[in-house]
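In: give me a model of this one.
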Amino acid sequence: MSQTEKRLSLAGREFVLLGTAHISRESIAEARAAVAAEQPDCAAIELDEQRLALLKNPDSWQNLDVAQALRKGQGFVLMANLVLASFQRRMGADVGVKPGEDMKAAIQAAEEAGIPAVMVDRPITTTLRRAWARNSLWGKAKLLTALASSAFSKEAVSAADIESLKNSSEMDSLMEELAETLPAVKTVLIDERDRYLASHIWQCGGNKVLAVLGAGHLPGVERHLTALAAGQESADTSELEALPPKTLAGRLAGLLVPALLVALVAAGFVTGGVHATVGLLTRWLLWNGSLAALGTLLAGGHVLAVLTGFVTAPFATLNPFLSVGVFTGFVQAWMRKPKVGDMETLAEDASSLRGFYRNRLLRVLLIFFASSLGGAIGNIIAVPALVSSLLH
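Out: From the prediction side, this is the model:
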């Protein structure tokens with residue numbers, strides 16, 4: 001038996017787990033051959049309905065409503081999704097394979113054999129939102145750095161490199177590195193999905209189930225399937241499908257900077273009257289608004305988007321539910337409306353910094369991120385600056 005295949009007999013049922021590399025020619029052939037050889041009652045595929053639709057219709061990005069995504073607070077999720085898709089696409093181009101062709105081959109083979117294919121993975125937007133929500137501020141910074149590094153890396157990938165990812169020792173070292181660098185991300189991307197995949201594989205119909213999934217998930221899925229068969233775990237994954245609730249410390253942290261700023265301005269009024277208050281407010285507005293505007297400018301924003309960043313940054317600071325990036329992104333999209341061509345080249349342009357500036361839709365996302373970051377940095381600088389002003 002291949003090290004990328006596991007065969008389990010649990011509770012009178014048979015589960016065949018086939019581990020693949022998502023941009024591997026060998027995995028494409030293995031997925032199709034496994035369906036034909038095993039003739040399972042059901043084929044469980046490591047995809048969600050959203051990624052399946054995108055796999056069947058790669059041009060569906062053309063229907064993307066970036067304004068709606070920003071309004072729903074999904075700017076980071078959308079950018080991360082595009083960067084990850086672009087990264088896989090670039091790696092696949094190095095070896096001549098499109099991302100997800102292994103899953104597509106398994107689905108096609110199942111359809112040809114009249115075998116039901118079930119998508120058993122968690123929606124990618126849910127996974128990314130949970131990864132973002134579970135990270136600390138430092139973890140978020142490292143996650144953004146990792147995404148930027150993967151997006152703009154020009155390192156070539158060989159077919160041998162891709163095939164080695166199915167090797168347990170190579171995969172173990174990658175998982176250990178991810179757990180050490182970004183433990184919260186590893187928990188969401190790997191550990192949680194291992195349980196989610198296993199639970200939905202378990203719920204597939206029939207006595208024999210063939211599951212086609214990334215090789216890195218094999219150990220975890222096997223462990224959870226065994227626990228499910230023994231009654232040690234529940235197949236209910238509803239807790240993994242919602243955003244984790246904010247802790248009291250997390251909610252207080254979101255209010256900390258606004259509270260500090262208000263307290264400092266109030267202290268200025270008590271100690272120095274109206275003149276001191278005006279001075280403190282001016283310093284805060286300049287730090288906060290100027291850096292939000294600078295971020296918008298550096299991202300190539302329209303002059304009205306730059307002015308919007310300067311004016312709205314203070315309001316966004318005082319209301320944790322608002323983001324200056326939403327305002328600057330809206331204005332940029334209104335003044336420089338994305339064209340059909342921007343939609344058509346979206347995935348390709350997301351693979352380079354130049355592409356983010358060239359593509360009008362990606363520039364909206366870049367402005368959303370840069371203006372939000374600038375405003376946040378402005379607040380961080382403003383607090384000690386105001387304290388210093390009070391002391392003097």
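In: who are the packing partners of the one helix or strand Trp284 maps to?
Out: Applying DSSP states H and E as the criterion places Trp284 in helix 248-298. Secondary-structure packing of helix 248-298 (3 or more CB pairs under 8 Å, 6 or more residues apart in numbering; DSSP states H and E): helix 303-318, helix 324-335, helix 360-391. C-betas here are computed from N, CA, C, even on glycine.
In: buried stuff in the longest one?
Out: Residues 360-379, 382-383, 385-386, 389 are the ones in helix 360-391 that count as buried (16 or more other CB atoms under 10 Å).
In: and what of stretch 197-214?
Out: Buried residues in stretch 197-214 (16+ other CB under 10 Å): 197-202, 204, 209-214.
In: want to throw the residues you listed into a markdown table with pLDDT, secondary structure and distance to Gly220?
Out: Listed next are these as a markdown table, based on pLDDT from 0 to 100; DSSP: H, G, I helix; E, B strand; the rest coil; distance: CB to CB, whole Å:
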| residue | pLDDT | secondary structure | distance to Gly220 |
| --- | --- | --- | --- |
| Leu197 | 97 | helix | 8 |
| Ala198 | 97 | helix | 7 |
| Ser199 | 97 | helix | 12 |
| His200 | 97 | helix | 14 |
| Ile201 | 97 | helix | 12 |
| Trp202 | 97 | helix | 14 |
| Cys204 | 96 | coil | 17 |
| Val209 | 97 | strand | 17 |
| Leu210 | 97 | strand | 18 |
| Ala211 | 97 | strand | 12 |
| Val212 | 96 | strand | 16 |
| Leu213 | 93 | strand | 10 |
| Gly214 | 89 | strand | 11 |
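In: tell me which stretches of the stretch 1-150 of the chain form strands.
Out: Using DSSP state E, counting those that start in this stretch, the strands of the stretch 1-150 of the chain run over 5-10, 13-20, 42-45, 117-119.
In: and the shortest one, what does it pack against?
Out: Using 3+ CB pairs under 8 Å, 6+ apart as the contact criterion, the secondary-structure elements in contact with strand 117-119 are strand 42-45, helix 101-112.
In: going along the chain, name the helices of the stretch 51-200 of the chain.
Out: Along the stretch 51-200 of the chain, counting by DSSP state H, counting those that start in this stretch, helices occupy 66-71, 75-95, 101-112, 124-134, 137-152, 159-164, 168-181, 183-186, 193-202.
In: measure the closest residue to Val326 other than its chain neighbours to Phe368 for me?
Out: Among residues not flanking Val326 along the chain, Leu70 sits closest, at 5.1 Å (CB to CB, 6 or more residues apart in numbering). Using CB to CB, to the nearest Å, Leu70 is found at 6 Å from Phe368.
In: mind listing the shared neighbours of the two?
Out: Common contacts of Leu70 and Phe368 (CB atoms under 8 Å, 6 or more residues apart in numbering): Gly325, Val326, Gly329.
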